[in-house]
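Trainee: Build me a structure from this.
(2 chains)
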Amino acid sequence: MKKQLSIFNKTVRLVLCLSVMVFAVSCEEAFEYELPEAGSIADLTPPVAAFAYIPDAVNYRTINFNNLSTESTNYAWDFGDANTSTEKDPSFTFVAGEGTYPVTLKALDANNASTAVTIDVVVQDVFVPLPVEILNGDFDGGSSDWKFSSFTGGNTNPFNSSSDGSFTNYDGSDNGAKTKGAKWTKSTSAGVYLSANTRYAYQAILVSPSIPNERTVRYILEYEYAIKTPAEQGGVAAGGNRIISEVLGAHFADGADAVASDPIAQFIASEVLGKTTHTNVQQEFIANGTGEMAIMFYAVTDVDVYIDNVKVYAAD
Amino acid sequence: MKHIKFLILAITGALFVSCDSDEFLNPLPDSAIVAETFYQSDADVLAGIIGIYDAIQGVNENTQGSSIRFNRGIQLEYLLTEHRSDNTRSKTLEGSRADFHRYIVEPENIQSEDYYQSMYEIIFRANSILSYSDNADESNVAAYRAEAKFLRAYAYFNLVRLYGPVPLVTSVVVADDKESLFTRNPLEEVYTQIVTDLQEGVSNLSNDGSKSRASRAAAQGLLAKVYLTQPTPNYDGARAMCEAIVGSGEFSLEPDFSNVFYNESNNEVIFSIEYIAGNPDESQGFSSEFTSYKRQGRQDGLNIVNPNLVVDFNMHGGNRTAASFAAFGTDVQLPIPENAEVIKFLPEGSDISDTNNPSYGSSPGTAGNDWIVLRYSDILLLHAEALMAGGDTTNNAAIDSYMAVRVRAGFDPVADRPSVLTKNVLLLERRVELAFENHRFFDLIRLGVANDVLDSHASAKGYTSYNVRRLLLPIPAREINLSDGLLTQNPQ
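Mentor: As a prediction, the model looks like this:
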């Protein structure tokens, strides 16, 4: 019995000890009678309103807003003319088109604290003309990409391939030596020497079309040319030794149709500086309504003439 | 006294469960732990500097498995960068690691929090060295200080690109100084500090030492990238830094692309974080996480290659494709594998020639593959980028640098040479050259196309949570809670 009592005593002491310990560390009663608001901390960080915007890729009048506000949960947008939104990231279409519109964003937090920011949103019809890549513009590939697919009464050879092109690479850097080019001679000339052997270099291009009364799209045809001096080779064709560059307002399958068409722009390159001195031409033209255009080169000459580095790009 | 054991038990128990309220409710912020009297000699300061690298290296998840903050260093960086670009994703959608590629990272995300505090651990250790560097040999002080500042700049550069304006702490601060620890400094101020720190590295470091330590070239390379990234880019400065590295003649492209990764500290590497295979304390866990078909890691597979990256590789990768990723199982038969795996960091002893039964050596979980922070091809492409100065260029020097990288990949120096180098072309080249090396996300941001590219990537993938705010990670909730309302959150 005594032994049992002693076991009981030990257990009781253990339980007592543990209870005291638990009471000592439990902290519940300390907070039992606190009011609900006590101990709460004031929100000292008010919302900060901020946003950015990106014009829609399809319709420039539609602006997609990006909310960059912090510490906020609710948003009130004002786009002017009583147009509002409570979305976080709204899109809004300014039907009036181009212009500057003050847009206000008010950012609120759950305590209704708020700040507002007004940013002038610029709606602008930014037009980016199509880039044009001239294939084999440096003539490194010989005559490929410059041929008509057929030529009634003529031949589709575009020019004489030549190793006497410009010293300049296609990227504008100095090659230190000649690059490949395109060449015309008396026997491949047009004009007074027109024959079945006359050669026309032709390439179809696709540009951004001009739209009447809305936009005029300007492009530049750029190339380098050289014409042999009388010291290098004698003879002058009637009207002068020259290269003619033309911009055509359509794509042509048959070279005869292209030659017969009225060019949109024509430039006559006639500086005679010698075989190794190239002159740079920048010929501006206005895109037509379809965007389907073509460039064509030919020559009227007694002496050898050369072109190289043909490029087409949008004018600024 | 015979009940003394109960008393002891009770008292000890009480000690255990009583909340030492000071410690528990006010844990010390990471950047404030005070170094006491450790730094007495040159060797001590050097040990401290090595300690900074240790913070970058981080603790292998396969050594310390707990998900609680463990200072993983840069071992989780691919989650915050590659996963948030269009390059890679997590195979599973479970767990916080799967939040990054879907742009649903919350302030409570444990991996983001770990990275944030890891970067501040680097900053704290660097600041600590800077306070005690005078105890080193006088001849070494300048180099030690430059090294610490280089590493501090590296950490801040990572932070500022991922989290935006962050608290700028440049000295050891006591924990109570919450004003210094938690006030976010404007972006410009953080960048100014990074540039100043790196310029000191350029002046006072040399190229003599190990590639896993700071060097002059590492400082130049990082500074070039900082110049191109900062709010107002300094293109001339970046170009000069890249040209200094090229001009030093100490670096070159490895002829074999695969050797860049499997021949450690090769001539192409400028700065890398070193790991040792099989060593629990010095190894890394990411190599094993990049496996999936026969998974070696703790997850179903991370950094799984997105099909649209495979498409770019097929067009522009050249001989890099076979060295960058691989498909396994039935995926092999697809023209564009769905779940290709990264193979730039295969653990030692791997053999993936049998695509149905790849093997990954004896200890894939404790891999030793170094993490390359800067390498020469990155510098060449940065050089081209600096010359482009935000636009397109026909500049030959820029195209030369670009072509050097392309030619190593097996492209023709003449036929494949572009006449104009455009931003998109450069970006594409960086994507395939530096895939899985945590560059893509930063490249998209730096070149100003992050929202365009990631918005369309997210809608193609059905990641509906994407919006432009997701380009910045949220400041970890733990930091905001510790700051008593001083630290503000990014727009959510």
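
Trainee: Give me the distance from the host helix or strand of B:Gln220 to the chain's centre.
Mentor: Assigned by DSSP states H and E, B:Gln220 falls within helix B:216-229. Distance of helix B:216-229 from its chain centroid, counting by CA atoms, centre = their mean, to the nearest Å, is 15 Å.

Trainee: for stretch B:119-129, same thing?
Mentor: Using CA atoms, centre = their mean, the distance between the centre of stretch B:119-129 and that of its chain works out at 16 Å.

Trainee: Residues contacting that stretch, please?
Mentor: B:30-33, B:35, B:39, B:45, B:48-49, B:51-52, B:55-56, B:71, B:144-145, B:148-149, B:151-152, B:154-156, B:158-159, B:169-172 (CB atoms under 8 Å, 6 or more residues apart in numbering or on different chains). In this view, the C-beta of every residue, glycine as well, is placed from N, C-alpha and C.

Trainee: Please identify the next secondary structure element, helix or strand, after the helix holding B:Gln220.
Mentor: Beyond helix B:216-229 on the C-terminal side, the first helix or strand identified by DSSP H and E is helix B:235-248.

Trainee: distance between the next helix or strand after that following helix and the chain's centre?
Mentor: Once helix B:235-248 ends, the next helix or strand along the chain (criterion: DSSP H and E) is helix B:259-262. Taking CA atoms, centre = their mean, one finds helix B:259-262 lying 18 Å from the centre of the chain it belongs to.

Trainee: Could you figure out how far the first helix or strand past helix B:259-262 going along the chain is turned away from helix B:216-229?
Mentor: Next along the chain after helix B:259-262, taking DSSP H and E as the criterion, comes strand B:269-273. Here the directions of strand B:269-273 and helix B:216-229 differ by 90 degrees (axes from the mean of the first three to the mean of the last three CA atoms, to 10 degrees).

Trainee: Could you list the low-confidence segments of the chain?
Mentor: Going with chain A. Chain A contains residues with pLDDT under 70 at A:1-8, A:22-36.

Trainee: Chain B is the one I meant
Mentor: B:1-2, B:9, B:12-37, B:69.

Trainee: Show me what from the stretch 151-300 of chain A comes close to chain B.
Mentor: A:169-173 (CB under 8 Å from any CB of the partner chain).

Trainee: of all those residues, which two lie farthest apart?
Mentor: A:Tyr170 and A:Ser173 (8.9 Å; CB to CB).

Trainee: who's more crowded, the two?
Mentor: Ranked by neighbour count (other CB atoms under 10 Å in any protein chain shown), A:Tyr170 and A:Ser173 place A:Tyr170 first, with 23 against 15.

Trainee: thought that one was touching A:Asn136?
Mentor: No: in this structure, A:Tyr170 is not within contact of A:Asn136 by CB atoms under 8 Å, at 10.0 Å.

Trainee: The stretch 201-316 of chain A: strands as residue ranges?
Mentor: Using DSSP state E, counting those that start in this stretch, the strands of the stretch 201-316 of chain A run over residues A:201-206, A:218-227, A:242-248, A:265-269, A:279-286, A:292-300, A:305-314.

Trainee: Include mean neighbour count when you put those strands into a markdown table, please.
Mentor: Output for the strands of the stretch 201-316 of chain A, formatted as a markdown table (neighbours: other CB atoms under 10 Å in any protein chain shown):
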| stretch | mean neighbour count |
| --- | --- |
| strand A:201-206 | 20 |
| strand A:218-227 | 22 |
| strand A:242-248 | 23 |
| strand A:265-269 | 17 |
| strand A:279-286 | 16 |
| strand A:292-300 | 24 |
| strand A:305-314 | 23 |
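
Trainee: Disregarding residues adjacent in the polypeptide, which is nearest to residue 199?
Mentor: Since no chain was named, I'll use chain A. Once flanking residues are discounted, A:Arg199 sits nearest to A:Thr188: 4.3 Å by CB to CB, 6 or more residues apart in numbering or on different chains.

Trainee: you looked at the wrong chain, it should be chain B
Mentor: Using CB to CB, 6+ apart, the closest residue to B:Gln199 is B:Leu223 (6.9 Å).

Trainee: do the same with B:Tyr78
Mentor: Using CB to CB, 6+ apart, the closest residue to B:Tyr78 is B:Asn303 (5.4 Å).

Trainee: want to throw the strands of the stretch 201-316 of chain A into TSV with distance to B:Ser363?
Mentor: Output for the strands of the stretch 201-316 of chain A, formatted as TSV (distance: least, CB to CB, whole Å):
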stretch	distance to B:Ser363
strand A:201-206	59
strand A:218-227	62
strand A:242-248	69
strand A:265-269	72
strand A:279-286	65
strand A:292-300	65
strand A:305-314	58
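
Trainee: Quick one: closest of the ones you listed to A:Lys106.
Mentor: strand A:305-314 (42.3 Å).

Trainee: the inter-axis angle of that closest one versus strand A:201-206?
Mentor: Interaxial angle, strand A:305-314 versus strand A:201-206 (the same axes, to 10 degrees): 0 degrees.

Trainee: near chain B at all, strand A:305-314?
Mentor: No: against chain B, strand A:305-314 shows no contacts by CB under 8 Å from any CB, the least distance being 8.9 Å.

Trainee: how far is that strand from where the chain is centred?
Mentor: Strand A:305-314 sits 22 Å away from the centroid of its parent chain (CA atoms, centre = their mean).

Trainee: what lines up beside it in the sheet?
Mentor: Take DSSP bridges as the rule and strand A:305-314 pairs in its sheet with strand A:181-184 (antiparallel), strand A:218-227 (antiparallel).

Trainee: Dump the ones you listed into JSON lines; add distance to B:Phe257 as well.
Mentor: Listed next are the strands paired with strand A:305-314 as JSON lines, based on distance: least, CB to CB, whole Å:
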{"stretch": "strand A:181-184", "distance to B:Phe257": "38"}
{"stretch": "strand A:218-227", "distance to B:Phe257": "38"}
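
Trainee: do you know how far A:Leu273 is from A:Val310?
Mentor: Shown here: A:Leu273 relative to A:Val310, a distance of 19 Å by CB to CB, to the nearest Å.

Trainee: Please apply the same query to B:Glu254.
Mentor: From B:Glu254 to A:Val310 the distance is 40 Å (CB to CB).

Trainee: ok so B:Thr192 is a helix residue?
Mentor: Yes: judged by DSSP: H, G, I helix; E, B strand; the rest coil, B:Thr192 forms part of a helix.

Trainee: ok, how many other residues are close to it?
Mentor: Neighbours around B:Thr192, by other CB under 10 Å: 14.

Trainee: who's in contact with the residue nearest to B:Gln199?
Mentor: Counted by CB under 8 Å, 6+ apart, B:Leu223 has contacts B:195, B:198-199, B:201-202, B:237-238, B:241.

Trainee: Kindly report the same for A:Asn160.
Mentor: Taking CB under 8 Å, 6+ apart, one finds A:182-185, A:188, A:199 in contact with A:Asn160.
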